[in-house]
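> Fold the stuff below for me.
(one chain, ligands or ions: 3)
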Amino acid sequence: MARAAKIGSQDPKLGRTLLDDPVRNKGTAFTAEERRAYGLEGLLPCAVESLDRQVERVMQHLEAKPTDLERYVYLIGLADRNETLFYRTVMSDPARFVPILYDPTVAEACLAFGHIYRRARGMYITRLMKGRIAEVLRNWPTCDVRFICVSTGGRILGLGDIGANGMGIPIGKLQLYTACAAVPPDGLLPMLLDVGTTNAALRADPLYLGLRELPPPEQKLDEIVEELVQAVQQVFPGCCIHFEDWKGTDAIRLLKRYKDKILCYNDDIQGTAGVTLAGLTTALEIIGTPLAEQRILFLGAGSAGIGIADLLVSAMQLEGLSQEAARSRISMFDINGLLEPSRADLSEVQRVYAHKAKPSKDLVEAIEAQKPTVLIGVSTKGGAFDQRVVETMSRLNERPIIFALSNPTDRAECSAEQAYTWSKGKALYAAGVQFPDVTVDGKRFHPGQANNFYVFPAIGLATYVARPKRITDACFVTAAQALAGQVGPELRARGMLFPSQADILESEVTTAARVAELMFDEGLAQVHRPPDVRAWIEGQLYTPTY
Ligand SMILES: NC(=O)C1=CN([C@@H]2O[C@H](COP(=O)(O)OP(=O)(O)OC[C@H]3O[C@@H](n4cnc5c(N)ncnc54)[C@H](OP(=O)(O)O)[C@@H]3O)[C@@H](O)[C@H]2O)C=CC1
Ligand SMILES: CC(=O)C(=O)O
Ligand SMILES: [Mg+2]
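Ligands and ions are numbered 1, 2, ... in the order given. As a prediction, this is how the structure comes out:
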């Protein structure tokens, strides 16, 4: 589905307006006829170029930039000038551009957000708007908003609380809905719920763009969130709220509160769980043992850790274990050590993974005691899987599964090179970022990238087409199964646990089709079921053409 040029009027003054509108601007691709009709003559050089020629120029500009952060700034500027050209560029080579628009470059962009800021690309809601949030939402120029990705900036990647600087994440996540899954970009609204920040350095930065105050207590935060959620239902009915990168405890509490009440999901909890289950499914098929027989140890027991653990429990139950037996196969270790019943600092959701064991603050000691077959890092602690950790896992297991999921690159619990070298090529490894290939003893390994971008754009696409009432946990299990099903023998032989990023659109559409089928099967979808779901989805995909 190409985006309509939306040029109807014969107003000769329209030209300037068109050039300033990123959705309708074609730049040098306006034809001679259009230039005459819309008062564009003289406002452009005489060459009339194709979209592909324009992409060629963009590629040259990008080539000349010295860093990925500068490429990021350039691409965001391009999106502000000409959205079609922006998406044509990034969709032409997703494996190259996803790491620039998103993880890991977006981390640098967020840290420098107030300094590289050009223009607002979404909405900023603050507590100062309390009582008027619906009125403020109406300031957004379109009422057909299909997705809001909202963060408080309370936990951005593994960077901690960076407040309003976190806006880079909702912008990037929604750009990936389109760049990876061809969700039409018109109805996507990035949002920063600015509740202040605990980050004193940022509050003192003269170029910081957010509220310079500490976040409110939980109850006050929840009141603002409740008003925002209700305002979204009123102003943008049918809109899906995608929660992203909130402080872990807020993320878990709010998902529990809203998941059965409104159309929403939390990507860090549910999307991450989906991609991890997919990677684990593939890894276990390579080894040839079922999930229900694994012992899984997490480093980190926050929103991502709990989300993954809970979904793994559901998946083990599908393999026949009771909930209790499934939970008993999962242990967790956080900043205060192994989760066990004598710990007084655990939340309700953590307590179910606190099994009777000797208290320990030493990860290697915990590994020796628990004998995990799978080690998953979601701790934000770069380098936490040191040589002793990887060697211990490799001594205990013929093929240790080691997922170092913390972002960005320097927060990964271990690098691909470390995992393959220290395990002597035995590890089945994935990380949140894409590490380069590694050669150990003459064998080349292609590390997996277990990042939720394999899942959330597909959930977005399925939601876009099927308009479900709710997004359930089953949607994420289905997404994981669909994703794992796409890693055939040839990819596995290369050590790959996920589909190739060069084929990301194909992968997301395949996953979305399975999720949409489930939405119809479970009575969640609110549109008429078509005879061929996949073909029906393909007919609604955005293509960046003029
Ligand atoms: N690859 C992917 O797709 C995704 C990756 N992530 C990454 O996972 C990480 C965690 O995210 P999330 O769970 O949402 O964050 P949270 O803040 O909710 O959780 C972090 C957890 O790690 C623990 N922790 C902190 N420091 C250490 C340490 N030094 N040693 C052991 N544990 C520690 C925390 O303990 P305490 O609470 O006591 O401080 C907490 O349990 C982030 O880096 C994020 O980028 C997240 C989502 C998706
Ligand atoms: C990838 C992601 O969502 C995160 O690191 O928070
Ligand atoms: Mg996230």
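
> Tell me the residues of the chain that contact ligand 2?
Within reach of ligand 2 by Cβ under 6 Å from any ligand atom, the chain has these residues: 103, 157, 245, 267-268, 407, 432, 451-452. Every C-beta, even on glycine, is put in place using the N, C-alpha and C of the backbone.

> Residues of the protein that sit close to ligand 3?
245, 268 (Cβ under 5 Å from the ion).

> hmm, try it at 8 Å
Residues of the chain found near ligand 3 (Cβ under 8 Å from the ion) are 156-157, 169, 173, 244-245, 267-268, 271-272, 304, 407, 452.

> So which of those residues sit within strands?
Of those, none are assigned to strands by DSSP state E.

> For the residue of the stretch 101-250 of the chain found nearest ligand 1, grab the count of nearby residues.
As assessed by Cβ to the nearest ligand atom, ligand 1 sits closest to G248 within the stretch 101-250 of the chain, at 2.0 Å. Burial of G248 is recorded as 23 neighbouring residues (other Cβ atoms under 10 Å).

> for it, what are its contacts?
Taking Cβ atoms under 8 Å, 6 or more residues apart in numbering as the criterion, G248 is in contact with 155, 302-304.

> Kindly spell out which helices and strands sit in contact with the lowest-mean-pLDDT helix or strand in the chain.
Ranked by mean pLDDT, DSSP states H and E, the helix or strand of the chain with the weakest confidence is helix 489-493, at a mean of 85. Applying 3 or more Cβ pairs under 8 Å, 6 or more residues apart in numbering; DSSP states H and E, one finds that helix 489-493 contacts helix 272-287.

> for the helix it packs on, which positions count as buried?
Using 16 or more other Cβ atoms under 10 Å as the test for burial, helix 272-287 gives 272-284, 286-287.

> same thing with stretch 310-330?
Of the residues in stretch 310-330, those with enough neighbours to count as buried (16+ other Cβ under 10 Å) are 310-316, 321, 326-330.

> and that stretch, how far apart are its ends?
Start-to-end span of stretch 310-330 (Cα to Cα, to the nearest Å) is 10 Å.

> Equivalent analysis for stretch 15-25, please.
Using Cα to Cα, the end-to-end distance of stretch 15-25 comes to 9 Å.

> repeat for stretch 111-126
One end of stretch 111-126 to the other measures 20 Å (Cα to Cα).

> Kindly list the main-chain dihedrals of G288?
G288 adopts backbone torsions of phi 90, psi 30, taken as degrees, to the nearest 10.

> just to revisit the earlier point, let me know the closest of the buried residues of stretch 310-330 to ligand 2.
L311 (15.1 Å).

> Assess the claim that that closest one and G274 are in contact.
Yes: if you go by Cβ atoms under 8 Å, L311 and G274 touch, sitting 7.0 Å apart.

> any common contacting residues for these two?
What both L311 and G274 touch, as defined by Cβ under 8 Å, 6+ apart, is the set 476-477, 480.

> ok, which residues in the stretch 251-400 of the chain are in contact with ligand 1?
Contact residues, the stretch 251-400 of the chain versus ligand 1 (Cβ under 6 Å from any ligand atom): 268, 272, 275, 299-305, 334-336, 378-381, 384.

> and the residue nearest to L69 when sequence neighbours are not counted, which of the three is it?
Of all residues not flanking L69 in the chain, E108 sits nearest, at 4.8 Å (Cβ to Cβ, 6 or more residues apart in numbering). At E108 the chain is in helix, as set by DSSP: H, G, I helix; E, B strand; the rest coil.

> likewise G425?
Secondary structure for G425, judged by three-state DSSP, is coil.

> starting at the chain centroid, how far to the least confident helix or strand of the chain?
25 Å (Cα atoms, centre = their mean, to the nearest Å).

> Need the contact partners of that helix.
Contacts of helix 489-493 (Cβ under 8 Å, 6+ apart): 282, 285-286, 499-500.
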